[in-house]
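Novice: Give me a 3D structure for the following:
(2 chains)
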Amino acid sequence: MADSIQSFVKFVSRKISKIKWQPSQKQTLECSDTFVTGSWDDEKNKICLWHLGMQESMERDEMDDALEPALKCEADHNGDVTGLEYVGSDVIVASSSTGSVSLYKHHTSSQTMGIQYKWQCLHSHGNHLCPCTCLAVRDKTIVTAGEDGKMVVLSAEQKSPQRIIENADSSTINGLVFLRLTEVISVNSSGQLKTYDLRSSSDAPAQTLSVSGELTSLHSVDRHPGQPHIVATGSGDGVLGIWDLRQEKSPVSLLEAHNGPVWEVKFHKTNSDHLFTCSEDGAVWHWDSSLVGASHMVQTQITGTGAGSGGANFSVNPSFQFGGSETLNKWLSPDNSKMEINSLIDDNILPVNSVDIESQTLLCGTDSESIITIRLPSMR
Amino acid sequence: KLHFITAGRLFDDLMKEEQPESKTTYWDTIFRLVLQGQIEKACRLLSLHSARQTDDFQTLINLLKRMPQLSNVYKGSSVAEFDMKWRHWRDECQRNYEEQKFSINPNLETVVRILCGEDAVFSEVKDCCDPWYHMLISKALYQDPTVKACDLHYYIQGCQDAYRSTTRLGELDSILLSALESDVYQVIKDSRTVFSNGWFVAHLTDLLHHCGQLDSHRLQFGSDLQREFLLLEYAGSLMSHHSLWIVGVSYLDHCAEFGRKYLELYLDHIPLDSEKKANKILKICEDRNMTEQAKSICKVMGMRCIRNKRLGAALTWFLRSKDVGFATVLAEKYLLEYSESGEFTNLDLIDYLGPSMLLSNRLTFLGKYREFHKLYSEGEYHAAGDLLLALLQARLAPKQFWITLLIDALPLLEKTELIFSSQQTRELMKCLEELTTEYKLGKKRDGLGFTEARKDQLDVLKLALSRNLPKAILQEGTVNLL
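Specialist: You can find the predicted model right below:
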């Protein structure tokens, strides 16, 4: 049953800060084989496009070679790459530690990549440079946030920003992700999650949630692909948090995971029982909740008349099924003893900054100047 | 094969040709291949020659094919056996040469002379075995393949002399000489000065140290210190690199004696370009319990935030390092902002401080004061009043802020329902007295005092308090009676 995990390490002479799969084309069922990386901490940083020669029909012994990425093209980038996303199938947007955001177009015919447009100084402290820390994309809308606590909404088709939310946050915003078409959620270095409605005229967040107790920064956030009210966060002390946005204020569960800040949290896009985290301690963990008891009945308070109850309030106990009971999502289940957690890389000392998962292949970008491609066995 | 790739390259080029012998490089390649001991390839090239069927070619090819190879000493045949076989073979080559079989083709003759290990021929083909250590190996191969390492130096001089007219001996050559003579210390010493990158000498010394090959007495500092010294040197060069500093950290971790001290110093010099980088360096400090450095990084980042007017972000940095002093400074800044503008900024942080506010007294006061405002706006007047009094009594508030607090009591006093009990009212009056007395004293001393507006406010307060007292006493009295 279990084919082993195969992995390949490719050294690329640059520390990788962000790695991202090209979104698979909607028309074909084939999964993507192209990904893009962004580097950091170098004098000349680069955005590179890679190709992974992967086909389902390949022989066993050819599979190892298929895990080695080949460089297709690259482009220079000014400053550290702090956020990297695809807008459409061949346009890439990257945010920089100089506070600017650039759009790169990949010309498939000539296999080159060039800057299509650059928004300069979107984030700044007065006259000083301020890093843009994260990026989120939905269709053609790009939202960026930075160390100046500002959130900027851009459109890939317009030169000037659509909206600037000054003082969205009094601490640094570390992660952003779209919840719905016009709703974004952000995490900051004071450990708060805030949801913003981009359509509303008010600049204030619609909802603010945080962990009670010590303030630990949150560094990454991702939302469940099927259910936008379920969100996972990675914190500065290595804790994975699962949140239900319908419940006010506090997380559903906090799972102690890594020994260092969790830089990226990613749900698998098609198989949402699987979650991946990577951290400064050099580990990449695969969280598999498919075996967690899913049909746990929720205790509900129901007012109503039952036979002979005289119209009083009564609560339903778990073994009793009443019409309209809710099936809890596996991530929200309070009993997570069946959650399987696998560590995917051994012997890695230097931090892993970014991961992305597509179908069965996980990509990791690390500070040891390498890209690690991991093929996972078939997931439930 | 790894270092001298010309032969292989030329061979590949020739193999693509139809008539390799017509190329000028043909014989040159054959010489090079033979000198490198790549017999099989040489044979292949020779068999492509049009005249290969002639006697002399055939004899040569035969000789080459029968050259004994020292493939595996441990597999049965010993060195002595190989030596005997080899001598046999060499004698046969010698015989063939003396029988003048190759006199027609001078190139073939040269090859046979090489096989015989004749000294003179090496000088003739020295262009094919440049530099001197290549010739050294080739000579050794054909003159004495079982030569021991210590005896190599017999051949060195001869090889070097052959090239003396064309090239000078460089520094790398002298290092190689020392290596051939197994003079480890000289190698280490020279490598340090010759190579600009300390990678080689650091790792070499490290490996030798772990094998126990370094004799402590002969080294300036003793073997482990010597190794450490070299590792520190190399790590130093890494730490100043814009991105390889993280590798340098690992090297310093392996220096038992001084590594930690050096790391502490170096970490202070890494530029903190962004918060993410600062977070990474912080983790390095925290993993190694370097609390001083961690605190100083947080301080630098916090100060930067203050300069950029990001007070909220600054507070997160100071809370993280549990820096009481700066947390107090920030809390005072916030309070100043409030008393000047009448509004709080950064509410999204202050309201969620939770137990972190206990870090500094000022910060606690700030948090509680916000709580007071929240209670007031929610209409919980009694709780608000109690909190206000508690803040005054606990002396949490700085004296400068007492006025603001007391003025805040005004709306509560003006409410129709009774908020403050008589006891509480007396407390408030006492605080007011204390405050005014102190200011009057201050006025006498420094000429400071209340502004006119303040004085009016305080008068109103006094009035409100004195109105509240009888009201309170009455109500309490009434309750008691009932």
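Novice: CA atoms for contacts and neighbours, from now on please.
Specialist: Will do.
Novice: Burial check on residue 24, number of neighbours?
Specialist: As the question left the chain open, I've gone with chain A. Using other C-alpha atoms under 10 Å in any protein chain shown, A:Ser24 is surrounded by 15 other residues.
Novice: my bad, chain B
Specialist: Neighbours of B:Thr24 under the rule other C-alpha under 10 Å: 9.
Novice: do the same with B:Pro411
Specialist: Using other C-alpha under 10 Å: B:Pro411 sits among 12 other residues.
Novice: doesn't it fall inside a helix?
Specialist: Yes. With DSSP: H, G, I helix; E, B strand; the rest coil as the criterion, B:Pro411 is part of a helix.
Novice: Please name the nearest non-neighbouring residue to the residue of the stretch 301-450 of chain B found nearest chain A.
Specialist: Nearest residue of the stretch 301-450 of chain B to chain A: B:Ala313, at 4.1 Å (C-alpha to the nearest C-alpha). Nearest residue to B:Ala313, sequence neighbours excluded (C-alpha to C-alpha, 6 or more residues apart in numbering or on different chains): A:Ser171, at 4.1 Å.
Novice: thinking again about what came up before, quick check: phi and psi at the residue of the stretch 301-450 of chain B closest to chain A.
Specialist: Phi and psi for B:Ala313, reported as degrees, to the nearest 10, are phi -60, psi -40.
Novice: just A:Pro351 next, same as before
Specialist: phi -60, psi 150.
Novice: so A:Thr133 touches A:Ser97, yeah?
Specialist: Yes. Using C-alpha atoms under 8 Å, A:Thr133 is in contact with A:Ser97, at 7.1 Å.
Novice: Now list whatever residues contact both of these two.
Specialist: Shared contacts of A:Thr133 and A:Ser97, defined by C-alpha atoms under 8 Å, 6 or more residues apart in numbering or on different chains, comprise A:Thr82.
Novice: Name the single longest helix found in chain B.
Specialist: helix B:452-481 (DSSP state H).
Novice: any idea of the mean pLDDT for that helix?
Specialist: Throughout helix B:452-481, pLDDT has a mean value of 77.
Novice: likewise stretch B:8-23?
Specialist: In this model, stretch B:8-23 has an average pLDDT of 71.
Novice: Look at A:Trp21 and say how many residues are nearby.
Specialist: Using other C-alpha under 10 Å, A:Trp21 is surrounded by 23 other residues.
Novice: tell me the contacts of it?
Specialist: Taking C-alpha under 8 Å, 6+ apart, we find A:Trp21 in contact with A:32-36, A:356-358.
Novice: Dump the residues you listed to TSV, plus pLDDT and distance to chain B.
Specialist: Shown next, in TSV, are the contacts of A:Trp21 (pLDDT from 0 to 100; distance: C-alpha to the nearest C-alpha, whole Å):
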residue	pLDDT	distance to chain B
A:Ser32	74	30
A:Asp33	83	29
A:Thr34	88	27
A:Phe35	91	23
A:Val36	92	21
A:Asp356	92	19
A:Ile357	89	23
A:Glu358	86	26
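Novice: OK, contacts around the residue of the stretch 151-300 of chain A found nearest chain B?
Specialist: Per C-alpha to the nearest C-alpha, A:Ser171 is where the stretch 151-300 of chain A lies closest to chain B, at 4.1 Å. With contact set as C-alpha under 8 Å, 6+ apart, A:Ser171 has these partners: A:147-149, A:188-190, B:310, B:312-314, B:316, B:349.
Novice: do that again at 7 Å, thanks
Specialist: A:149, A:188-190, B:312-313 (C-alpha atoms under 7 Å, 6 or more residues apart in numbering or on different chains).
Novice: and which of these is nearest to A:Arg223?
Specialist: Relative to A:Arg223, the closest of the contacts of A:Ser171 is A:Asn188; by C-alpha to C-alpha it sits at 15.8 Å.
Novice: ok, now how distant is whatever residue of the stretch 1-150 of chain A ends up closest to chain B from A:Ser97?
Specialist: Here the stretch 1-150 of chain A gets closest to chain B at one residue, A:Asp41, 5.3 Å apart by C-alpha to the nearest C-alpha. Separation of A:Asp41 from A:Ser97 (C-alpha to C-alpha, to the nearest Å): 10 Å.
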